[in-house]
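S.K.: Could you work out the structure for the sequence below:
(2 chains)
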Amino acid sequence: MELFDILTPLFFILIVVGTVIGIIFGAIPGMTATMAVAVCLPLTYSLGLENGLALLLGLYVGGISGGLVPAILINIPGTPSSLTTTFDGYPMTLRGEGENALKIGIVSSLVGGLISLAILYFFAPTLADFAIKFSYVEKFLIIFFALTVMAALSSNMLVGIFSGILGIFISLIGTYDISDGGNGEYRLLFDFMVPYLDSGFSLLPVLIGIFGLSAILIEAEHGMPAGQGLSGVKLPKGKPFKFSVFRGQSVNLCRSSLIGTFVGILPGVGGSAASILSYSQEKHFSKNPEEFGKGAPSGVIASESANNGLTGGALVPLLSLGIPGDSTTAILIGAFTLQGIQVGPLFIGNNPVTWDVIIIAMLAANIVMFLIMMFAIRHLVKVVSVPKHVLFPVILMMCVVGAYTINYGIMFDVWTLLIFGVFGYLAHKIRLEIAPFIIGFILGPSAEIYFVKSLESFGTLSIFFTKSWIAGVLWLLIIMSIAFSIALSRRNKGHGQA
Amino acid sequence: MTGFFKTLAAAASFAALVATPTLSSAQELPGNVRLVIGSTSTGGDTYQNSAIVAEALAEHLDINIKVDAVGVSEAFKALNRDSRGSTIMIFHDQSYLGHLYGVRGYDDIFETYKVGPTVAINPGNAYLVAKNGPFQSMEDIIAAASAGQRIRVAIQPGGVSEIGFSALKNAVRIAHPGAEENIVAVNTGSQADKNQVLFDGQAEVINGSVQANEQFTRLPQDDQKAMRFVWLTAAKETIAQANPEGLGDTPRDEMLAYVTPNVSVTMDGAEDFVFDKEFFFLYNKDMDPAIVEQIDTALAEIFAAGKIQETQKASFFIPDFKPSAEAATYLKAKRDDYRQIIDAISAQ
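M.R.: Residues are numbered from 1 along each chain as shown, chains lettered A, B, ... in the order given. As a prediction, this is how the structure comes out:
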């Protein structure tokens, strides 16, 4: 079938429908792009491959992008990869700049998506060859590099590192799963916990518990005067959005988009690592690192351009090696297998029309995402003026529904939400550092697997230093990141004493 | 009060009357059925096969069936909770191999659940080597191991991926007792991980599948990613049922070159080992036998109509319908065969 026969009005309608549904899924705490794609996957039977891909790629781009809305407006990351968007997006909302932050995030998402798409289109096979040079060793070092961010994101470095290690520790509770190459044994579990925790704590319920429920508990403790909105500010007070906010941000935009794309290319590293790495790199290179975490627009730009940069990157190994780059593309591969299409190293050459369809669908989905979200902002942003006594029960309900559905109806996930909601509340009281805790929780399982597998494969710790030139470069980045964190901590202490 | 009790009695009678058809319909599948699978992947063969069967069954019985890729642990939990027939499961040989290998979370399915009908075979379970590596065939690999060379085989432990590895080890043991120690497992997770250890030179052989690896076998020899099939574990008769065009650019006749008797991995010195990865239903132990019968009958009619076979074959599945009772007997015998191999190498 010729390309122009496929590009029918239905094809583009499906992209719009997919993107809208994706944005809604992304914007609801606990619902993710992965879930949106999974729910709509069976539809590809009746739609056929090309129209099915239009719907699913719209869902993918919309779902990743929609995560910025709750991250910025209510401090709950809609998807794990929008975790770092909360760091500066929500403080901007508290200053009355929610609309501004959303627009910055949306433009960054568009740029990230388009840069990664261009890279996908022009360099996919070459990059796939580069990606296979990353063995367990190099992947562990990338995760380790991302973990060094914990120190930079902490107001108290020692407490931050402790919180991060606690996060790693809790993430390892459960079975060392054989599907990850583990031995199938339980870790860190008492017998009575096995029926509930054999698969460990799920990420999304932990995330929305710590960010969503704990915030509600803290607010509840303070009391909620009737009629008071979320941030206690009036919308028009914030600065109006101007594209000039991107002046001087081109390096940040490109670097973050490239980091997102690059992390997407590496199967198994995960989207959260992309935004964490981009955010930390921007903080390292910034002239004003102390502004990060307090509402720096460049923090939102780094986070959002990286997580949308991931979308094109994650398709590189999928379409060049038949290996999904992230959890959503792992579902997306089902669209091909359900249609009996093989994805592998010969896919692009054997299916040039399908390849073009994917690129066009991704391009259209990014543009549609941009237009819809820009249009919807003026309505979305009103959420901050909804009285807390109305908004919080709604958020709580969405969190519970999201937690229950994330693994297709497991009640323990709702308990996880509640447990970590209370944990987040207590952590706030005793001043544990939440960001490093979550980063440790997200990256801990990958760090464990790649570390153990490296040792199983090579049998010596020295392999982490001698494996390849890539390992050498990664060590250099790790050392620079640690040195920067120490320098920043000392500078902050100095300012504190002054 | 008397009036109240009269009203109550009338209400109870009415409720009983209304409940009567409900009770009788409880012997059938409910209108909404959740079909859980033992895999979390929607891109894998379990989901693909289950989606085909679920669609046909739902259409035939005029009910809704939703396939949920919840994974082994959650699927077994969901099945244990529900004896009404609103949750049923499809999985494959992993469900009893996991138990044979002693993997946590795997009970004896023949004791804990009801085994339902088989529906399909995935004939694609394969073993591959690097195209530019020293091995051309399983014969080379067995000879090298027998001669004392360490052969690392990348597998996912505790199931379908391991059974071929166990068979290889057993074959080397039979050929050269003691040399089986040279066949070493490299435990990996996903197919991506298995491919990667081959690219890195960290394994000489990997477990894979025709579906996932066929394109890699068509790459030129100087490509780091190029692979070569050395063994398909399926029976010759199984592959012979595939469409002549095979999968991708590998026709059925070429695939037959990688199965017994062209490739010999002996099970006991006389017979070659074969493994057909079969998909079948599992039910809650207490599910009404009438529902088991209903599904058996419906599937028999669906397979008799012949349309599902075309869909299955187009997706490189081999149609394989056996009603529940026959399936349970057959799978038990199959389990016993593999137990012998595992016991033989465990005893060393």
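S.K.: so what's residue A:90 up against?
M.R.: By CB atoms under 8 Å, 6 or more residues apart in numbering or on different chains, the contact set of residue A:90 is A:71-75. (Each C-beta comes from the backbone N, C-alpha and C, glycine too.)
S.K.: Just the buried ones from those, in PyMOL syntax?
M.R.: Buried residues among these (16 or more other CB atoms under 10 Å in any protein chain shown), as a PyMOL selection:
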select buried, chain A and resi 71+72+73+74+75
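S.K.: Could you dump the contacts of residue A:90 into CSV and include secondary structure and pLDDT?
M.R.: As requested, the contacts of residue A:90 are arranged in CSV below (DSSP: H, G, I helix; E, B strand; the rest coil; pLDDT from 0 to 100):
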residue, secondary structure, pLDDT
A:71, helix, 91
A:72, helix, 93
A:73, helix, 90
A:74, coil, 88
A:75, coil, 89
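S.K.: what's the burial count for residue A:98?
M.R.: Using other CB atoms under 10 Å in any protein chain shown, residue A:98 has 29 neighbouring residues.
S.K.: Mind naming the longest strand for chain B?
M.R.: Longest strand in chain B by number of residues (criterion: DSSP state E): strand B:113-122.
S.K.: I'd like the next helix or strand past that one.
M.R.: strand B:125-130 (DSSP states H and E).
S.K.: residues making contact with that following strand?
M.R.: Residues outside strand B:125-130 that contact it (CB under 8 Å, 6+ apart): B:135, B:138, B:141, B:153, B:160, B:164, B:168, B:198, B:201, B:204-210, B:213, B:216-217, B:226-234, B:258, B:275, B:277.
S.K.: the bottom helix or strand of chain A by mean pLDDT?
M.R.: Least confident element among the helices and strands of chain A, by mean pLDDT, DSSP states H and E: helix A:149-152 (a mean of 77).
S.K.: Packing partners of that one?
M.R.: The contact analysis (3 or more CB pairs under 8 Å, 6 or more residues apart in numbering or on different chains; DSSP states H and E) places helix A:149-152 against helix A:157-171, helix A:271-285, helix A:434-458, helix A:469-497.
S.K.: closest one to residue B:342 among those helices?
M.R.: Minimum separation from residue B:342 across those (CB to CB) falls at helix A:434-458, 22.3 Å.
S.K.: helices or strands next to the helix or strand just after the closest one in the packing?
M.R.: As assigned by DSSP H and E, the chain's next helix or strand after helix A:434-458 is helix A:463-466. In terms of contacts (3+ CB pairs under 8 Å, 6+ apart), helix A:463-466 is packed against helix A:136-147, helix A:434-458, helix A:469-497.
S.K.: What segments of the stretch 201-348 of chain B are helices?
M.R.: Ranges of helices in the stretch 201-348 of chain B, per DSSP state H, counting those that start in this stretch, are B:210-213, B:236-240, B:252-256, B:289-305, B:307-314, B:324-346.
S.K.: residues near the nearest residue to residue A:49 once chain neighbours are set aside, how many?
M.R.: Among residues not flanking residue A:49 along the chain, residue A:339 sits closest, at 4.4 Å (CB to CB, 6 or more residues apart in numbering or on different chains). Other residues lying near residue A:339 total 18 when counted by other CB under 10 Å.
S.K.: returning to that earlier point: highest average neighbour count across the helices and strands packed on helix A:149-152?
M.R.: The highest average neighbour count among the helices and strands packed on helix A:149-152, using mean count of other CB atoms under 10 Å in any protein chain shown, belongs to helix A:271-285 at a mean of 27.
S.K.: Can you give me the pLDDT of residue A:7?
M.R.: Per-residue confidence for residue A:7 comes out at a pLDDT of 88.
S.K.: now do residue A:395
M.R.: 86.
S.K.: so what secondary structure elements neighbour the strand or helix carrying it?
M.R.: For residue A:395, the host element (DSSP H and E) is helix A:388-405. Applying 3+ CB pairs under 8 Å, 6+ apart, we find helix A:388-405 packed against helix A:203-208, helix A:214-222, helix A:411-429.
S.K.: Now for the most centrally placed residue in chain B: which residues touch it?
M.R.: Closest residue to the average C-alpha location of chain B: residue B:92 at 2.8 Å, with CA atoms, centre = their mean. Contacts for residue B:92 were tallied using CB under 8 Å, 6+ apart; they are B:38, B:46, B:122, B:160, B:277-280.
S.K.: Scan the residues you listed and report the most crowded one.
M.R.: Ranked by neighbour count under the definition other CB under 10 Å, the contacts of residue B:92 are headed by residue B:122 with 27 neighbours.
S.K.: So in terms of bridging, what pairs with that residue?
M.R.: Judged by DSSP bridges, the bridge partners of residue B:122 are residue B:277.
S.K.: right, and it touches residue B:49 too?
M.R.: Yes. Between residue B:122 and residue B:49 there is a contact at 7.0 Å, judged by CB atoms under 8 Å.
S.K.: what residues do the two have in common as contacts?
M.R.: Common contacts of residue B:122 and residue B:49 (CB under 8 Å, 6+ apart): B:279, B:317.
S.K.: what sits opposite the residue nearest to the centre of chain B in the beta ladder?
M.R.: In this structure, residue B:92 bridges to residue B:279 when assessed by DSSP bridges.
S.K.: Against residue B:333, how distant is it?
M.R.: 16 Å (CB to CB, to the nearest Å).
S.K.: got it, and residue A:380?
M.R.: 61 Å.
S.K.: now do residue A:286
M.R.: Computed as CB to CB, the residue A:286 to residue B:333 distance reads 68 Å.
S.K.: Most proximal residue of the stretch 201-348 of chain B with respect to chain A?
M.R.: As assessed by CB to the nearest CB, chain A sits closest to residue B:215 within the stretch 201-348 of chain B, at 3.1 Å.
S.K.: could you list every residue that touches that residue?
M.R.: Residue B:215 makes contacts with A:322, A:342, A:344-347, B:248, as judged by CB under 8 Å, 6+ apart.
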